[in-house]
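Undergrad: Sequence and computational prediction follow.
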Amino acid sequence: MILYAALAFCAFVAFLYYKYPDRAVGTRPRPDVPNADDTVPIFGGTFSISSNVQTLHEWVLNQAKKHGDVWRTTILAYPPVDMILTTNVTDVEHILRDPWTYEKGVDQKRQNSDLFGHGIFAADGDEWKVQRKVASNIFNVKNFRDFYSPIFHHDATQVVRHLEQASKIGAFIDIHDLLLRSTLDSFLKISMGEDRGCLASDGTVVDGRYTLPPVEFAIAFDTLNSICAKRGSIPFWQVIEKLNGTDAKRDWCQKVLHGNAQKIIDKKRQAYAAGQVPKDKSKQDLLDYFMQTENDDGTPVTDEQLRDVVINFIVAGRDTTAQTLSWVFYELSKNPQILAKVRQECLSVLGPTRMCDYNDLKELKYTTATFNEVLRLYANVPFNFKVPTKDDVLPGSKTKVYKGQRVAFHPYAMGRLTKIWGPDAEEMRPERWIDESGNLSKENSFKWPVFNAGPRICLGMNMATQEAVVLMSSIVRRFNLELCNEANFQNSNGRLLCIALQMIRRNGACSTRIREKGWLDMIFK
Ligand code: HEM
């Protein structure tokens, strides 16, 4: 009996081997598209992805260099993953111009639903359109100039206060932690009228590092964000999370996040009940706009819907800007000549102490160029995929794509490819953003999709740039900076560790080992 079973098993494996010689089980043959390196029968790219997970974005970059515009990987999972990856700018434009055909898709929603619920990041179609329309009310020049500048000034002053204290006592400091606190404080005030004071306490020195008290809300965010992000590279994550204790962690995070979001909503509802709605539309915040919106069927927006708004917008407004700024300071610490130029520009436009206002932004060209250049090299949404609702052909590479499969693009790889940016693509050179007349050049957003592009382009890109330049100009005029933990960012071949790329974004989320070392530890002098 056992012999028959063994023979049947072998025959089954031989059949699978014959049927799926170059891809994962359940995926279709594609002789017209090259496979990623180390693709094997039955499992496709499952092992090559998991064995390269620490330098995944560098690995993708190498695949793009080797295979050209388009290549493919498949993963043994349920449902099987069949993914075409393009770095062709015309293909990317085609995908991003049409979010009705190229949706986020069910898998992505499922993967992120614990964090995003039905919020703007997870929504497609009408559900997305309504949220985008309501939210776009707060992103206008009047708000940037009159209301957001003072908030950014206040929080940048707090950041500088902590850096001064740390530098006085010669302690090093995890600048990324500080920046995350600053972007969280600023964005909560801007979008929900809520002052969390994450930078308000004084720091203490623990093991040589200047440290602020932990913020539970932020820890829950980072942990849940990391759980959802990891699902992309773990086949059968639904089962694994049940077995390895992740479920309990997820429940704790949700309890903290939902509890905090509910408090913000309750406070707003109480204010409304007491008739304290700001009459002047320009004084209303994001939550005000959503509270006054009705659902299509005329019912009022529920607390659960508002909770998704709160959480989605905090993720959007906090992590991205802090992560990019962390890479800015990383690069400035390694490129003193760029630091000197940024400092010189900030001093000549603002003098030694004046804070950067909205109107100063157009003068701070090199500083903005440095921010853009860092985003080009360290796209903080490094990878993105969509799912077509019908069969289609990508017009740049002439590649056929099928309804329901994943069609991905990779802003991190695109930012470093010589075919897109020329022979110095991997160099940090802010000058590439300044045109012959000395003005900041506008880049084609499909070539540089770090803020996404097309109808779903990032709503906060101008806000992020304003906030970043306020923080950069406040810090570089006062301090020299020195990186303490270079080894955390590169492997022995000098390639960027993907885990660093993601962990800088998802600070403290999952690796206590790395967390103990501290992230982006710097000395400010
Ligand atoms: C350096 C900073 C930032 C970067 C690099 C960035 C990048 C991005 C990217 C890549 C997307 C598309 C995500 C996707 O759908 O897969 C996006 C969407 C979005 N971003 Fe940003 N973002 C930044 C800052 C901000 C800020 C400060 C806000 C303020 C709230 C914001 C609000 C949004 C919103 C609301 C969307 C969803 C747009 C839509 O789906 O229609 N972002 N951002």
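TA: That came in fine, so what should we check first?
Undergrad: would Arg72 count as being in a strand?
TA: Yes. Checked against DSSP: H, G, I helix; E, B strand; the rest coil, Arg72 lies within a strand.
Undergrad: residues from the protein in reach of the ligand?
TA: Within the chain, the positions lying close to the ligand (Cβ under 6 Å from any ligand atom) are 120-121, 132, 135, 313, 316-317, 320-321, 324, 375, 380-381, 384, 450-452, 456, 458-460, 463-464. For the C-beta atoms, the positions are set from N, CA and C on the backbone; glycine is no exception.
Undergrad: among the residues you listed, which are in strands?
TA: Among these, DSSP state E puts Asn384 in strands.
Undergrad: Can I get the buried part of the residues of the chain next to the ligand as one PyMOL selection?
TA: Those of the residues of the chain next to the ligand that count as buried under 16 or more other Cβ atoms under 10 Å are selected in PyMOL with:
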select buried, resi 120+121+135+313+316+317+320+321+324+375+380+381+384+450+451+452+456+458+459+460+463+464
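Undergrad: Now do the contacts for whatever residue of the stretch 351-500 of the chain ends up closest to the ligand.
TA: Relative to the ligand, the nearest point of the stretch 351-500 of the chain is Gly460 (2.0 Å; Cβ to the nearest ligand atom). The contact partners of Gly460, by Cβ atoms under 8 Å, 6 or more residues apart in numbering, come to 139, 316-317, 320-321.
Undergrad: again with Pro213
TA: Contacts of Pro213 (Cβ under 8 Å, 6+ apart): Ser201.
Undergrad: Buried residues, the longest helix seen in the chain. List them.
TA: Using DSSP state H to define each element, the chain has its longest helix at helix 303-334. Buried residues in helix 303-334, counted by 16+ other Cβ under 10 Å: 305-333.
Undergrad: Can you tell me what sits against the following helix or strand past it?
TA: Moving toward the C-terminus from helix 303-334, the next helix or strand (DSSP states H and E) is helix 336-350. In this structure, residues lying in contact with helix 336-350 by Cβ under 8 Å, 6+ apart are 331-333, 356, 360, 363-367, 370, 428, 430, 472-473, 476-477, 480-481.
Undergrad: Could you list the low-pLDDT ranges of the chain?
TA: For the chain, applying pLDDT under 70 flags the ranges 233, 499, 502-519.
Undergrad: So what's the residue count around Leu180?
TA: Leu180 has 26 neighbours, counted by other Cβ atoms under 10 Å.
Undergrad: roughly how far is the longest helix of the chain from the heart of the chain?
TA: 7 Å (Cα atoms, centre = their mean, to the nearest Å).
Undergrad: change the start of the numbering to 34 and stick with it
TA: Noted, 34 is the first residue going forward, which turns the last one into helix 336-367.
Undergrad: May I have stretch 330-348 as CSV, with CA atoms only?
TA: Only the C-alpha atoms of stretch 330-348 are listed here, as CSV (Å, rounded to 0.1, in the frame of the first residue of the first chain):
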residue,chain,number,x,y,z
ASP,A,330,-27.5,56.1,0.0
GLY,A,331,-27.8,59.2,2.2
THR,A,332,-26.7,57.6,5.4
PRO,A,333,-24.2,59.4,7.6
VAL,A,334,-20.6,58.3,7.7
THR,A,335,-20.1,55.7,10.4
ASP,A,336,-17.4,55.6,13.1
GLU,A,337,-15.9,52.6,11.4
GLN,A,338,-15.5,54.5,8.2
LEU,A,339,-14.0,57.5,10.0
ARG,A,340,-11.6,55.1,11.8
ASP,A,341,-10.3,53.9,8.4
VAL,A,342,-9.9,57.6,7.4
VAL,A,343,-7.9,58.4,10.5
ILE,A,344,-5.6,55.4,10.2
ASN,A,345,-5.0,55.6,6.4
PHE,A,346,-4.1,59.3,6.6
ILE,A,347,-1.8,58.9,9.5
VAL,A,348,0.1,56.1,7.6
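Undergrad: Would you mind pulling the contact partners of it?
TA: For stretch 330-348, using Cβ under 8 Å, 6+ apart, the contacting residues are 148-155, 164, 168, 217, 220-221, 224-225, 254, 258, 290-291, 294-295, 297-298, 319-320, 323-324, 326-328.
Undergrad: Buried subset of these as a ChimeraX selection?
TA: Entered in ChimeraX, the line below selects the buried ones among these, by 16+ other Cβ under 10 Å:
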select :148,149,150,151,152,153,154,155,164,168,217,220,221,224,225,254,258,290,291,294,297,298,319,320,323,324,326
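Undergrad: separation between Asp280 and the ligand?
TA: Noted for Asp280: a distance of 26 Å to the ligand, by Cβ to the nearest ligand atom, to the nearest Å.
Undergrad: Tell me how many other residues crowd that residue.
TA: With other Cβ under 10 Å as criterion, Asp280 counts 13.
Undergrad: Same question for Ile108.
TA: The number of residues packed near Ile108 is 25, by other Cβ under 10 Å.
Undergrad: Now the phi/psi pair for the nearest residue to it once chain neighbours are set aside, please.
TA: If the residues on either side of it in the chain are set aside, Ile108 comes closest to Val114, at 3.9 Å by Cβ to Cβ, 6 or more residues apart in numbering. Dihedral pair for Val114: phi -100, psi 120, per degrees, to the nearest 10.
Undergrad: Quick one: residues contacting Val114.
TA: 57, 60, 106-108, 140, 268, 439.
Undergrad: Relative to the ligand, how far out is it?
TA: 18 Å.
Undergrad: What's the separation between Ile344 and the ligand?
TA: Relative to the ligand, Ile344 is positioned 12 Å away (Cβ to the nearest ligand atom).
Undergrad: before we move on, back to that, export the contacts of Val114 as TSV, with columns for secondary structure.
TA: Below are the contacts of Val114 laid out as TSV (three-state DSSP):
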residue	secondary structure
Ala57	strand
Thr60	coil
Thr106	strand
Thr107	strand
Ile108	strand
Asp140	helix
Pro268	coil
Arg439	strand
